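>>> need a 3D model of the following:
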Amino acid sequence: MTLSDATGGSSPHPTASSPVGPGRVAVVTGAASGIGLGLAERFAAEGMHVVLADVEEPALAKAAAELRGKRRVRASRRHRRVGPGGG
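Below you'll find the model as predicted:
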C-alpha cells in the first residue's frame with residue numbers, strides 16, 4: 001500500500017491537505033499493542049511526529065522504547081490519571 005492508496009491521491013507524496021506525511025503530528029491511542037502500535041510504527045516510518053497513549057503504562061513504555069530503537073523518534077511520557085481518585 002502506498003501513501004497515495006491511503007489518502008486517495010495519485011502521488012506517492014503527501015499533499016498540503018493530506019493527513020499523513022512528514023512533519024505532521026499523529027496522536028495514537030491504544031499505542032502499546034495491536035492496531036495502535038502498528039499505526040504508530042507506520043506514522044513514524046512516514047516521518048511523522050507520533051504521540052503514543054495507552055492505559056497500560058508498562059506496555060506503553062516498552063512500545064515507545066521499541067519505536068525509538070527502530071526509528072529516529074524522540075518520545076516523552078507524561079501521565080495523568082483521569083477519573084475516580086485521579087483528578
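>>> helices of this structure, start to end?
Ranges of helices in the chain, per DSSP state H, are 3-7, 34-45, 57-70.
>>> deepest in the core, which of these is it.
Scoring those by mean neighbour count under mean count of other Cβ atoms under 10 Å gives helix 34-45 as the most buried, with a mean of 17. Every residue, glycine included, has its C-beta placed from N, CA and C.
>>> circling back: any chance of the helices of the chain in TSV, plus mean pLDDT?
Converted to TSV, the helices of the chain look like this (pLDDT from 0 to 100):
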stretch	mean pLDDT
helix 3-7	49
helix 34-45	92
helix 57-70	86
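>>> could these go into a markdown table alongside distance to V27?
As requested, the helices of the chain are exported to a markdown table (distance: least, Cβ to Cβ, whole Å):
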| stretch | distance to V27 |
| --- | --- |
| helix 3-7 | 17 |
| helix 34-45 | 10 |
| helix 57-70 | 13 |
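>>> out of these, which comes closest to A26?
Closest to A26 of the helices of the chain is helix 34-45 (Cβ to Cβ; 4.2 Å).
>>> before we move on, back to that, indicate which one of the helices of the chain is closest to V20.
helix 3-7 (6.2 Å).
>>> tally of neighbours for G21?
A total of 16 residues lie near G21 under the criterion other Cβ atoms under 10 Å.
>>> how about M48?
21.
>>> what's it in contact with, if anything?
Contacts for M48 (Cβ atoms under 8 Å, 6 or more residues apart in numbering) come out as 20-26.
>>> out of those, who's the most crowded?
Taking other Cβ under 10 Å to define a neighbour, the member of the contacts of M48 with the most is A26, carrying 18 neighbours.
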